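Engineer: Next comes the sequence, and after it the predicted model I'd like to discuss.
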Amino acid sequence: MGEYRFIVSDTISYETSMYEHQIGHFCTGDIFYKNRGQQDNHGCLGQGKCIIQMKKSGKEILLSAYDEKRGVMETLQRRECYGKDLYLRVYVYLYDNCYYNWMFSNYFQLKANTKADDIFLEFDNALKRDWKYFTTNYFIDYNVVSNSLLKKLSINICHYIRENINQEKYIEMDIDHYDVEGTDSYQKRHMKHTCLFFGYNGLKESLYLLCVDGGLIKKGKISYECILNQFRGDNCETSSENENMIITETYMPEKANYTMDKGDIVRFAKAFLNGTSLSGGGVVLPSDGNYVYGIQIYDYLRQNVDIVIDDIRISHLLVEHKQCMMERIEYMTLKEMIDEKDAAQLNVMLEDMLKTAKVLRNKILRNKVLPNELIGTSVAKYLLNIKEMELKLMNFLCII
């Protein structure tokens with residue numbers, strides 16, 4: 001998300017409002033003209049190539065636009081301009097949008113689920129529905145239908161998948177890996193898991209998909225015949241929780257603008273220290289109370305150290321959290337929210353914390369290969385070290 005402008009005036013200023021004539025282009029495609037705070041919108045001239053032009057002609061400034069669809073340059077504005085010495089400026093503004101992985105609260109606050117059967121540690125996030133995240137996503141638009149509905153409508157599932165792919169949409173549904181070439185279960189055992197369809201071969205009558213297999217993402221292939229058999233329930237020897245769900249996914253770029261200031265960071269840091277959720281504030285509903293947040297997670301994980309040892313995702317997430325924090329501090333420094341002296345101190349803290357988190361992760365991974373009787377004591381010690389470092393870091397963030 002962003003915009004760019006060409007600006008002309010007889011004065012030089014870093015305040016864009018001081019420039020008399022501005023013509024620009026939002027990333028959504030809309031062209032606009034601004035004159036001392038007043039804005040005229042000219043809409044989107046097309047999805048193809050678009051050129052905007054600013055030209056001085058006598059005592060006038062001509063603002064024009066061209067796109068391949070219309071085929072000719074069209075004058076959008078004709079304005080008087082009496083300045084003799086004119087200055088031209090190019091202005092690009094990208095806002096603070098969700099293309100930064102670490103930007104939002106769900107990449108700042110950690111939470112541990114005290115009643116989890118599967119996901120024990122995660123970033124504080126938005127709503128979940130049936131343990132799925134597809135209902136709220138910045139970039140993906142979802143539509144969910146059921147197998148049973150398609151059957152009642154006599155819709156061929158292969159045609160349904162193909163037509164959605166032709167419209168640049170993906171299909172996600174639970175598939176028996178027994179029929180998927182490229183997975184470890186192929187023609188060995190029946191195991192249903194969610195897969196993503198991304199392409200097809202009409203001549204060979206096969207569909208291409210991505211599957212999670214043994215904790216890794218793998219490309220696979222399945223024939224039309226096998227999909228039809230699974231869809232009808234023929235020879236079904238296994239079932240899954242979501243086997244009646246077919247999810248259509250469409251890429252939808254975020255068109256809203258977001259900004260962040262130092263006050264946001266301080267508020268996030270205080271929430272981390274207080275052990276409270278960041279998913280409130282009218283953005284999303286708060287959680288149901290089954291979680292511990294922020295600094296409190298380390299005590300909870302130390303009390304359940306066997307879970308940390310068994311689930312390697314927890315240590316990966318701790319490493320990712322520290323990496324995101326380092327990128328956030330770099331951003332704050334570049335935006336001059338904090339001075340370089342404070343940034344240097346924060347970076348020293350974060351480097352030590354990231355190093356400790358990586359050592360913890362490596363010990364847990366090594367234990368999977370070479371079990372160690374003292375691994376529990378070691379993991380608890382490193383979790384306590386990270387907690388103490390995190391306390392120091394967050395307290396420092398709250399006072400800068």
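Structural biologist: Done, it's in.
Engineer: helix, strand or coil for L393?
Structural biologist: Secondary structure, DSSP: H, G, I helix; E, B strand; the rest coil: L393 is helix.
Engineer: residues touching it, list them.
Structural biologist: By CB atoms under 8 Å, 6 or more residues apart in numbering, the residues touching L393 are 325, 346, 349-350, 353. C-beta here means a position set from N, CA and C on the backbone, and glycine is covered the same way.
Engineer: if you set the cut-off to 10 Å instead, what comes out?
Structural biologist: By CB atoms under 10 Å, 6 or more residues apart in numbering, the contact set of L393 is 269, 272, 322, 325, 329, 345-346, 349-350, 352-353.
Engineer: In helices, which of the residues you listed fall?
Structural biologist: 269, 272, 322, 325, 329, 345-346, 349-350, 352-353 (DSSP state H).
Engineer: Can you tell me which of the residues you listed lies closest to I386?
Structural biologist: Within the ones in helices among the contacts of L393, proximity to I386 (CB to CB) peaks at M353, which comes in at 6.2 Å.
Engineer: Counting neighbours, what do you get for the closest one?
Structural biologist: Under the neighbour criterion other CB atoms under 10 Å, M353 is assigned a count of 23.
Engineer: residue contacts, it?
Structural biologist: M353 sits next to 318-319, 321-322, 325-326, 385-386, 388-390, 392-393 when contact means CB under 10 Å, 6+ apart.
Engineer: Which of the residues you listed ranks first by neighbour count?
Structural biologist: L318 (27 neighbours).
Engineer: Figure out the helix or strand that the closest residue to it other than its chain neighbours lives in.
Structural biologist: In space, and not counting its chain neighbours, L318 is closest to A357: 4.7 Å by CB to CB, 6 or more residues apart in numbering. Assessed by DSSP states H and E, A357 sits inside helix 340-369.
Engineer: Tell me which stretches of the chain form helices.
Structural biologist: Listed in chain order, the helices of the chain (DSSP H) span 147-152, 157-166, 224-232, 262-274, 296-303, 305-310, 312-334, 340-369, 375-399.
Engineer: Touching, C158 and N229? I think so.
Structural biologist: No. C158 is beyond contact range of N229, at 11.2 Å (criterion: CB atoms under 10 Å).
Engineer: what sits in contact with each of those two?
Structural biologist: Listed as contacting both C158 and N229 by CB under 10 Å, 6+ apart are S223.
Engineer: Look at these two and report which has more neighbours.
Structural biologist: When C158 is set against N229 and neighbours are counted by other CB under 10 Å, the residue ahead is C158, at 19 against 15.
Engineer: quick one: contacts for the more buried one?
Structural biologist: Taking CB under 10 Å, 6+ apart, we find C158 in contact with 200, 202, 205-207, 223-225, 227-228, 231.
Engineer: Against D342, how distant is it?
Structural biologist: When CB to CB, to the nearest Å is the yardstick, C158 and D342 sit 59 Å from each other.
Engineer: next one: M326
Structural biologist: 14 Å.
Engineer: In this structure, spot the strand with the most residues.
Structural biologist: Among the elements of the chain assigned as strand by DSSP state E, the one spanning the most residues is strand 192-201.
Engineer: helices and strands around that strand, which ones?
Structural biologist: With contacts defined as 3 or more CB pairs under 10 Å, 6 or more residues apart in numbering; DSSP states H and E, the packing partners of strand 192-201 are helix 157-166, strand 169-176, strand 206-213, strand 216-223, helix 224-232, strand 245-251.
Engineer: Just the pLDDT for G282.
Structural biologist: For G282, the model assigns a pLDDT of 44.
Engineer: do L285 as well
Structural biologist: pLDDT, L285: 53.
Engineer: hang on, the earlier thing: any idea which of the helices of the chain gets closest to A65?
Structural biologist: Closest approach to A65 among the helices of the chain is made by helix 157-166 (32.2 Å; CB to CB).
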